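Undergrad: Fold the stuff below for me.
(chains A and B)
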Amino acid sequence: MEKGKISVWQAAILTLIHPLGTGMFVLPAFAINWAREDAWLIEILVTVPGLVIVFAVTKLGLMFPGQTIVQYSETILGKYLGKLVGLMIVWYFFYTGTVIIFEMASFLSAIVMPETRAVVFIVFTGIVIVYTVNYGLEVIARLTVWFFPIITFSFVVIIFLIVKEMNLDHLRPFLANGLKPVLMGSLAPYAWRGTIIVMAMLIPYVNQPQKIMVPYLFALLGLGLLFELNTMSDLAVFGPFEGGRISLPTVHLVKLVNVADFIQHIESVLVLIWVGGVYIMSNLWFYSSALGLAQVLKLKTTRPLLLPMMVVYIAIAYTNYSNYPEFVDWAQRPWPLFALLHQLLIPVFLLIIALIRGQGVRQAGPQGKG
Amino acid sequence: MAKIFRRGVFLLIVTLLMTILNSGCWSRREIDKLAFVGSVAIDQAEDPELLEVTVQVILPGALAGGGGQTGMGGGGGGASAGTNKVWLVSEKGPTVFEAVKKINDMSANHLFFGHLTSVIIGEKLARNGVKDVLDNFDRMSELRRNIWILIAPGRAKDILEARPKLQGVPSLAIEGLFIHQTDTSFSYPSSLNNFLIMLSSRSTDPVAARITTIPVGHITPGEPPWEAGRKEIKLEGAAIFEQDKLVDWLDGRETRGVLWAQKKFKYGTITFPNPRGNHKFMTFEVYGARRKIHTFMEDGELFVNLDISCKGNMVEQDSNADILSQDLFIEKENFRAFEAGIASQVKQEILAAMDKAREHKTDILGIGERFYIEHPQEFKKLQADWPEIFTNANVNVVVNVKVRRTGLINRSINAQKIEKEAK
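TA: Got it, this is the predicted structure:
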């Protein structure tokens, strides 16, 4: 099992950065398509369930020190029901990971290398993931901390360069069509923001779990800020109708960057953000699913699971969707519900049961401070 | 030891595999095997089912030659090579992409659209609708959304057949023309992105740039005789659409009216009859403009208040009356008269554009979008008969002008010697 320890801020940066790579490309189109000129509200709105997740996961992590969500679900719910919930969470991490790999492959074949088949990207990323995950959490965390400034810096610079194309009239009027389109549009963005649930797998391996709350909140809000900037600039540049019609608005946004015929054609920066982000996310989620499965099966190490799991992983990633529109449909309809169950309902449910049954360490304070 | 050795071998194999597989040689395209498409012209073929797509491929040497013209002071070579700078090729097909692929069959190099700067659409096709033609450009992954959309009266192919003296290649010339569009603002900068935003919006009808050819009637001494048939290209006015169908053209003044109303007017010159001289004119150069717009409904009628403020310099003034008097004291009367003259000119431009919009019931000024921002619920009720409501709108334009500088002189030349003697 995992021997390494990471710091709380490493865990926070991992949690912050991993959904950025995929989310910043696909989310604005979903949000704008539903909510039109109110799309900028969505990222603010989905912070609310995010806060619930942060609270539930932190509380559970402190009540059951040294246990991941897979382990304490067994502690709370008993052997059979607990293992079932654990397997559900493992499947959630595993399946979502395959979707991310598919997304990356379809992006690369659509925008960067149109003649290369998606399976090439899937298989090679898979091999690299097994290689990285084999070395454990510390490696992934350090890699992420190294990627973090590059990704955020280039992201902010891109937004800065596109300011002159923006028309803030596209953000008005406020809530003209009521709250319903905004809520419908916030489903997929919620599911992306809810990926911060991955912290529930990391808390036992953090060096000071009692100090996790502030960095975790930082991850939630920082991610929200980056997504918000992204959605707002897509909306301001493309307007409420075009922004929802283009499949990857951020790609077009970056292609529009032209500062005095001097700074232009900077799409390669996007590929950096995309590949870096997807690589971190798929690593982390594959790691979480392998770790979770090993804990459900009470194995001593994750190593024997990695290669067989990766074979299934690649197979699912390759065969799951036959085209990109299928993915778009999936990401907007079944996936938010699938995500809602595993990201929000299960942790809250576990917390309530644990509190009712009076399990776990009730007062984390004295031990933590002592 | 054996473990370290095994690990070394494994790493070596991984590294070698990566060099082979990740270097991206799979679908490589060498630059000398690409044909860079600078501009595409699309016309309706004689058969109404077919499109005639003309592709202008910039020959690699042309770009180097273009640099030479400015860098090395131009030479005989640069000018005479003008005819060979591009390869112009047409093909017919039911869709744009089909026609382009047919051209690929004639081209030894792969047609590359990553450096496309403009799409020119012929009048006949534009009158039948441009939506379906633009679809392919919208989907293409190589393309940027800041390419220019232009409408040509007559055939679009004629534009690409022109040989502008500077730059030599129409697609490069068009790019240059748009960079200098703000010098006069007599034409409309319509990028694909802006065009599609207008096309897909709730009520705004699109406006696109209009491009024409101008024959060069005579040749200057020393130029080769084939220059006589040469044509220059010119950006002039704009094309207005009802949804995606071309309905009419705007002249320069009306185009500026649209630019003012859409908050896109930044720089430009305004020439107007000089209020202080008979049959004389004055030119004012705008270098900054702001627009505020307010819309409201009252008694079933739409009111539009446009509040425009602009500042700029006086660049030419053909009379003896001036802002500063003989004694270098400010002449308030003249000052006010000049500002009022500029303001009324701006107002006329906007009202001219509005008249054209009324005539065709196309909301090219974007008033509907504004009304939606200010009164969303009311707009939803009125949306169905918006063209009617918009047509009967009361447009009220208020213009504030600030004359900042008068150039390097205080007063115009006073050539009336007798008067001076008398003084």
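Undergrad: Strands of the stretch 251-370 of chain A, residue ranges please.
TA: In the stretch 251-370 of chain A, strands defined by DSSP state E, counting those that start in this stretch lie at A:258-259, A:263-264, listed in chain order.
Undergrad: I misspoke; the intended subject was the stretch 151-300 of chain B.
TA: Under DSSP E, counting those that start in this stretch, the stretch 151-300 of chain B gives strands at B:207-215, B:231-242, B:245-250, B:268-273, B:281-298.
Undergrad: Of those strands, which is nearest B:Asp327?
TA: strand B:281-298 (21.9 Å; CB to CB). No exception for glycine: its C-beta is placed from N, CA and C like everyone else's.
Undergrad: so does the closest one get close to chain A?
TA: No - judged by CB under 8 Å from any CB of the partner chain, strand B:281-298 and chain A are separated, with a smallest distance of 9.9 Å.
Undergrad: could you point out which element follows that strand?
TA: strand B:301-317 (DSSP states H and E).
Undergrad: closest point of the stretch 101-250 of chain B to chain A, which residue?
TA: Nearest residue of the stretch 101-250 of chain B to chain A, counting by CB to the nearest CB: B:Ser200, 4.0 Å away.
Undergrad: Check the burial of that residue by counting its neighbours.
TA: For B:Ser200, the count of nearby residues is 18 (other CB atoms under 10 Å in any protein chain shown).
Undergrad: dump the residue contacts of the residue nearest to it when sequence neighbours are not counted.
TA: With CB to CB, 6 or more residues apart in numbering or on different chains as the criterion, B:Ser200 has its nearest non-adjacent residue at 4.0 Å, and that residue is A:Phe241. The contact partners of A:Phe241, taken as CB atoms under 8 Å, 6 or more residues apart in numbering or on different chains, are A:Arg36, B:Ile197, B:Ser200, B:Ser201, B:Arg202.
Undergrad: A:Phe241: helix or strand, and which one exactly?
TA: helix A:213-245.
Undergrad: Next, format the strands of the stretch 151-300 of chain B as JSON lines and append mean neighbour count and mean pLDDT.
TA: What follows is those, written out as JSON lines (neighbours: other CB atoms under 10 Å in any protein chain shown; pLDDT from 0 to 100):
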{"stretch": "strand B:207-215", "mean neighbour count": "22", "mean pLDDT": "90"}
{"stretch": "strand B:231-242", "mean neighbour count": "22", "mean pLDDT": "90"}
{"stretch": "strand B:245-250", "mean neighbour count": "19", "mean pLDDT": "92"}
{"stretch": "strand B:268-273", "mean neighbour count": "18", "mean pLDDT": "88"}
{"stretch": "strand B:281-298", "mean neighbour count": "17", "mean pLDDT": "90"}
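Undergrad: ok, so of the contacts of A:Phe241, who is nearest B:Ser191?
TA: Nearest to B:Ser191 among the contacts of A:Phe241: B:Ile197, at 9.4 Å, using CB to CB.
Undergrad: these two touch, right, that closest one and A:Ala236?
TA: No - assessed by CB atoms under 8 Å, B:Ile197 is found out of contact with A:Ala236, at 11.2 Å.
Undergrad: neighbour-wise, which of the two wins?
TA: B:Ile197 (23 against 20).
Undergrad: And the pLDDT for that one?
TA: Looking at B:Ile197, its pLDDT reads 92.
Undergrad: how deep is B:Glu46 tucked in, by neighbour count?
TA: Neighbours of B:Glu46 (other CB under 10 Å): 8.
Undergrad: Direction-wise, compare the helix or strand hosting A:Ile32 with helix A:213-245 and give the angle.
TA: Element membership of A:Ile32, judged by DSSP H and E, is helix A:20-35. Orientation of helix A:20-35 against helix A:213-245 (axes from the mean of the first three to the mean of the last three CA atoms, to 10 degrees) gives an angle of 50 degrees.
Undergrad: so how far is B:Arg370 from whichever residue of the stretch 301-423 of chain B sits closest to chain A?
TA: Proximity of the stretch 301-423 of chain B to chain A (CB to the nearest CB) peaks at B:Pro376, 3.3 Å away. According to CB to CB, to the nearest Å, B:Pro376 and B:Arg370 sit 11 Å apart.
Undergrad: Same check on B:Asp47?
TA: Counting by CB to CB, the gap from B:Asp47 to B:Arg370 is 43 Å.
Undergrad: Neighbour count: the two, which is higher?
TA: Neighbour count, other CB under 10 Å: between B:Asp47 and B:Arg370, B:Arg370 has more, with 23 against 10.
Undergrad: quick one, what contacts that one?
TA: A:Asp169, B:Ile293, B:Thr295, B:Val304.
Undergrad: Can I get those in a markdown table including distance to A:Phe262?
TA: Below are the contacts of B:Arg370 laid out as a markdown table (distance: CB to CB, whole Å):
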| residue | distance to A:Phe262 |
| --- | --- |
| A:Asp169 | 28 |
| B:Ile293 | 34 |
| B:Thr295 | 39 |
| B:Val304 | 40 |
